[in-house]
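Peer 1: just the structure for this:
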Amino acid sequence: MTSEHTDNHAPTLEAVAALAGVSRATVSRVVNGSPKVTPEVTETVNKAIADLNYVPNRAARTLASRRTQVVALVVPESTAKVFADPFFASIVQGVALHLADTDYTLNMVISSELNPDKTRRYLMGGNVDGALVVSHHSGDHSYAQLGSSLPIVFGGRPVSDAEQNSFFVDVDNVAGARGATEHLIERGHRNIAIITGPQDMPAGLDRLTGWRQAMDAHGLDTSLVEYGDFSPLSGMEAMRRLLNRGVPIDGLFATNDQMAAGAYSTILESGRSIPGDIAVVGYDDDYYGLTATPPLTTVHQPSVGLGQMMAQVLVKRIEGAPIDRVTLLPTQLVVRQST
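Peer 2: Take a look at the predicted model:
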């Protein structure tokens, strides 16, 4: 008997290297997620891996045996920031809620960017079946390089064009920011400033975009922009810079509740009132907004739901179920006394 397919051997690392036109060592680096390989070479090698249906040996051994039934939640932030920001507690709560009804357990890894290879080695060491990567303030999808060997889901969209094929769950930050700004405009405010986050982070980028869309739609000035790092102190300092410009401001959109809380301090210290002189809208709907005086109008993002959805997408990826690469969750404006 004859067959059209006579080669029953699994593709090798050498075969991938030959097809990609690179060395065996380069293929090994890509498979293990090394940051030392250029995005162009990584893309070429990953295409060869896909074309040959190559399964790395580590993954093959895992598939041949049992799964670990463990998933990692990787947070590439400092320990101090993780425990100071209520966003991360909500994400962990959401992930745990979803995994409670599965056989998977959760390991949390606070990953130092000073030694990212340590985290990569852990993820690729057969310790977990998949990983969730979340940073409130980062669109860095560098761990996506591990995606050919390990299912990974990110919280937040990527910033880099080279990482647009990542699986991620996010909220619609542009629409949320646009709605917050429209609310201020509908209340009669015209000189509306924004304190946004760093522009290498998707939340900072997208919330600034939403504010600009609303302002442009009404022909309003879009020059009242200052930047913070999402901390209360940065909101305080950014508001001081805005007031020091000496131009009229009757509304403020702070792109998270922590910066809004900091801006409150500066506004009140200057002798101005909220909302009488400056109406304020925040973003997140966390305890900073609930405990502010007056209570803060803010954009509610479903942080617990975000964690649940990330876990759901990851489990489906691990188990081979079909799943969309991009999942966007809606936001909702919560109106309180600050507007």
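Peer 1: in the stretch 201-339 of the chain, which spans are helices?
Peer 2: 202-217, 232-244, 257-269, 287-290, 303-318 (DSSP state H, counting those that start in this stretch).
Peer 1: switch those over to JSON lines; also include mean neighbour count, mean pLDDT and distance to Asn173.
Peer 2: All C-beta atoms are positioned from the backbone trio N, CA, C, and that covers glycine. As requested, these are exported to JSON lines (neighbours: other Cβ atoms under 10 Å; pLDDT from 0 to 100; distance: least, Cβ to Cβ, whole Å):
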{"stretch": "helix 202-217", "mean neighbour count": "21", "mean pLDDT": "96", "distance to Asn173": "4"}
{"stretch": "helix 232-244", "mean neighbour count": "20", "mean pLDDT": "97", "distance to Asn173": "18"}
{"stretch": "helix 257-269", "mean neighbour count": "23", "mean pLDDT": "97", "distance to Asn173": "14"}
{"stretch": "helix 287-290", "mean neighbour count": "18", "mean pLDDT": "89", "distance to Asn173": "17"}
{"stretch": "helix 303-318", "mean neighbour count": "22", "mean pLDDT": "94", "distance to Asn173": "12"}
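Peer 1: so which of the ones you listed gets nearest Ala175?
Peer 2: Nearest of those to Ala175, taken as Cβ to Cβ: helix 202-217 at 6.5 Å.
Peer 1: keeping just the C-alphas, turn stretch 232-245 into PDB.
Peer 2: Taking Å, rounded to 0.1, in the frame of the first residue of the first chain, the C-alpha atoms of stretch 232-245 are listed here in PDB:
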ATOM      1  CA  PRO A 232      -2.600  60.200  44.100                       C
ATOM      2  CA  LEU A 233       0.600  62.200  44.300                       C
ATOM      3  CA  SER A 234       0.900  62.500  40.500                       C
ATOM      4  CA  GLY A 235      -2.700  63.700  40.400                       C
ATOM      5  CA  MET A 236      -2.000  66.300  43.000                       C
ATOM      6  CA  GLU A 237       1.100  67.600  41.100                       C
ATOM      7  CA  ALA A 238      -0.600  67.500  37.700                       C
ATOM      8  CA  MET A 239      -3.600  69.500  39.000                       C
ATOM      9  CA  ARG A 240      -1.200  72.100  40.400                       C
ATOM     10  CA  ARG A 241       0.400  72.500  37.000                       C
ATOM     11  CA  LEU A 242      -3.000  72.900  35.400                       C
ATOM     12  CA  LEU A 243      -4.000  75.600  37.800                       C
ATOM     13  CA  ASN A 244      -0.600  77.400  37.500                       C
ATOM     14  CA  ARG A 245      -1.400  77.900  33.800                       C
END
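Peer 1: quick one on the thing from earlier: switch the helices of the stretch 201-339 of the chain over to a markdown table; also include distance to Arg29.
Peer 2: A markdown table is the format used below for those (distance: least, Cβ to Cβ, whole Å):
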| stretch | distance to Arg29 |
| --- | --- |
| helix 202-217 | 27 |
| helix 232-244 | 38 |
| helix 257-269 | 39 |
| helix 287-290 | 43 |
| helix 303-318 | 23 |
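Peer 1: any idea which of these gets closest to Asp51?
Peer 2: Asp51 sits nearest to helix 303-318 of all the helices of the stretch 201-339 of the chain, at 20.8 Å, using Cβ to Cβ.
Peer 1: sorry, back to before: select, out of the helices of the stretch 201-339 of the chain, the one closest to Leu329.
Peer 2: The nearest among the helices of the stretch 201-339 of the chain, by Cβ to Cβ, is helix 303-318 at 6.1 Å.
Peer 1: what's that closest one packed up against?
Peer 2: Contact partners of helix 303-318 among helices and strands, from 3 or more Cβ pairs under 8 Å, 6 or more residues apart in numbering; DSSP states H and E: strand 70-75, helix 86-99, strand 130-134, strand 152-155, strand 168-171, strand 326-329.
Peer 1: I'm done for today, thanks for sticking with me.
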